[in-house]
Structures are given as structure tokens and as C-alpha cells.
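**Q** Mind looking at a prediction? Sequence and model below.
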Amino acid sequence: IRISERIPIAIWQINGQIFLIDEDGYKITNNIDNFSNLLHVVGSDANIYTSKLILDLANYPDFAKKVVSAVRYGERRWDLNLEQAIIVKMPEVNFKQALDYLVKLHKKNLLFNQNYKIIDLRDSNKLYIEKY
């Protein structure tokens, strides 16, 4: 008999249910009481791509603290929900490039306290911003 412990990395929401998931996307349990500090991810395939997202965000720990949750759309891209209710629509390709751009904005104090509602980075040639 071999027992292996699965270490939770995120809270995954799918079809109105919530689960702790490990780095491989496996459901561990639906008891999330002691894990509210973990990233909350939503979407049908979010569990599969969460580990990669967390690794990408780990390169920018100060910025990663500002990410409240992430929603996977169309089984191809993420929306990042940041503090101050800012939604960032990330691109399907060049995710790291868009993340670098966000981090630069954050470091220059041009991201938060700007009254942003939505920042759309899906088109690499244009930046779309909607304010409150």
C-alpha cells in the first residue's frame, strides 16, 4: 500500500461547486475552510492550467499578491481579477509578455488607484481600458 499526500495549490470553482486542487489539477476535497489564502480559479479547464498560472505569477510575488482570482475563458485564456475590482483580460498567446506589461504598470504605480474597471490586453497591438 502506498499513500501519497496531495498538496493543495488553489481553490477551483466549477458548476457551482468548489474544490481544493493539487498541482496536477486533481480534486483533493471540497472542504476549503483552512485554505482561503489560495488562489481562486474558475472555469471548466481551469484546474488543468492553474499550476502554470501560479508558476507564471510566482515570478512577480509583489504583483501576485494583488491577484484575487482568475477565470478561464473559452478553454484558452485567463481573466485576472485584481484588488480594487480590476479585471484584466489576458491574451490567448503571449501571456508572459502581457504579464510583464502589467507588472511594469504596477511598479510605476500606474495600475492601482487609477479607477480602472477593465484592462483588455487580448490584442497585442492595442490596450483597451474601461474606467469606473
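**A** Looks like it arrived, so ask away. Residues are numbered from 1 along each chain as shown.
**Q** Helices of the protein, residue ranges please.
**A** Along the chain, the segments classed as helices by DSSP state H run 46-58, 61-64, 95-107.
**Q** ok, residues contacting the first one?
**A** By Cβ atoms under 8 Å, 6 or more residues apart in numbering, the surrounding residues in contact with helix 46-58 are 9-10, 12-14, 19, 21, 23-27, 39, 41, 63-64, 67, 70-72, 78, 95-96, 99. To be clear about C-beta, it is placed using only N, CA and C from the backbone, and glycine gets the same treatment.
**Q** residue contacts, the residue most central in space within the chain?
**A** The chain has residue 70 as the residue nearest its centroid, 3.3 Å off, counting by Cα atoms, centre = their mean. The contact partners of residue 70, by Cβ under 8 Å, 6+ apart, come to 39, 40, 41, 42, 46, 50, 53, 78, 79, 80, 81.
**Q** one more time with 6 Å, if that's ok
**A** Counting by Cβ atoms under 6 Å, 6 or more residues apart in numbering, residue 70 touches 41, 78, 80.
**Q** again, but for residue 9
**A** Contacts of residue 9 (Cβ under 6 Å, 6+ apart): 23, 54.
**Q** Number the residues from 12 up from this point.
**A** Shifting the count to begin at 12 puts that one at residue 20.
**Q** now it: how far from residue 28?
**A** Distance of residue 20 to residue 28, given as Cβ to Cβ, to the nearest Å: 18 Å.
**Q** Please apply the same query to residue 93.
**A** For residue 93, the distance to residue 28 - Cβ to Cβ - is 25 Å.
**Q** Which one's more surrounded, the two?
**A** Legend: neighbour count by other Cβ atoms under 10 Å for residue 93 and residue 28, higher for residue 93 (19 against 9).
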